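>>> dropping the sequence and predicted coords here.
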Amino acid sequence: MRWDVTTWAVVALALMAAETLAPGAFMLWMGFAAAAVFLAVLLVPGIPVLAQVAAFVVLSFVSIQIYRRWFRKGARQSDRPLLNRRAEQNIGAVAPLDQAIAGGRGRIKLGDAFWAVEGPDLPAGTPVRVIAVDGMVLKVQEA
């Protein structure tokens, strides 16, 4: 067996196997590109190594674009889109200020966590409504 044929077979199998360790459908498509180069090298002996690598790069790019355009867009939508976006889950919540807003910054307690807030200056104890999120800072207005 020729070394280039064996090498591309191993690369294709390794990329496809790596997909099981780091799922995301990225390496799978590169594995398909390596498999295509494997078949080309197997069927047409004498292809220069530089041409093989160039074909692999081009086929990898094309196959990933095919995945992104036709397969990825059909991904299932989550029934809980805010699951890992904890700050955004608080939009609309009303709570009393734990610490007065002075100079535009204060603090409230929502659930078991304290949150930094920004809004108009208000005394402690004033009920406020969360209207937006900026990173981990909640934007509030008087409720």
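Happy to help now that I have it.
>>> which strand or helix spans the most centrally placed residue in the chain?
Centrality entry for the chain: nearest residue to the mean C-alpha point is Gly24, 9.6 Å, by C-alpha atoms, centre = their mean. Under the criterion DSSP states H and E, no helix or strand holds Gly24.
>>> ok, now how distant is it from Val62?
18 Å (C-beta to C-beta, to the nearest Å). C-beta coordinates here come from the backbone N, C-alpha and C atoms, glycine included.
>>> cool, Val41 as well?
Relative to Val62, and taking C-beta to C-beta, Val41 is found at 18 Å.
>>> these two: which is more packed in?
In terms of neighbours (other C-beta atoms under 10 Å), Val41 is the more surrounded of Val41 and Val62; the figures are 22 against 14.
>>> three-state assignment of Lys109?
The assignment at Lys109 comes out as strand when based on DSSP: H, G, I helix; E, B strand; the rest coil.
>>> please apply the same query to Ala34.
Of the three states, Ala34 takes helix under three-state DSSP.
>>> now it. Nearest residue, chain neighbours left out?
Ala12 (3.8 Å; C-beta to C-beta, 6 or more residues apart in numbering).
>>> ok, back up a step: wait, what's in contact with the residue nearest to the centre of the chain?
The neighbours of Gly24, taking C-beta atoms under 8 Å, 6 or more residues apart in numbering as the test, come to nothing; the list is empty.
>>> got a list of what the residue nearest to Ala34 touches?
Taking C-beta under 8 Å, 6+ apart as the definition of contact, the neighbours of Ala12 are Gly31, Phe32, Ala34, Ala35, Val37, Phe38.
>>> which strand or helix spans it?
Element membership for Ala12 (DSSP H and E) is helix 3-21.
>>> so what are the sheet partners of the helix or strand hosting Ala116 and their directions?
Assigning secondary structure by DSSP H and E places Ala116 in strand 113-118. For strand 113-118, the paired strands and their directions (DSSP bridges) are strand 105-110 (antiparallel), strand 137-142 (parallel).
>>> in the first one, which residues are buried?
What it means is strand 105-110. Using 16 or more other C-beta atoms under 10 Å as the burial criterion, the residues of strand 105-110 that qualify are Gly106, Ile108, Leu110.
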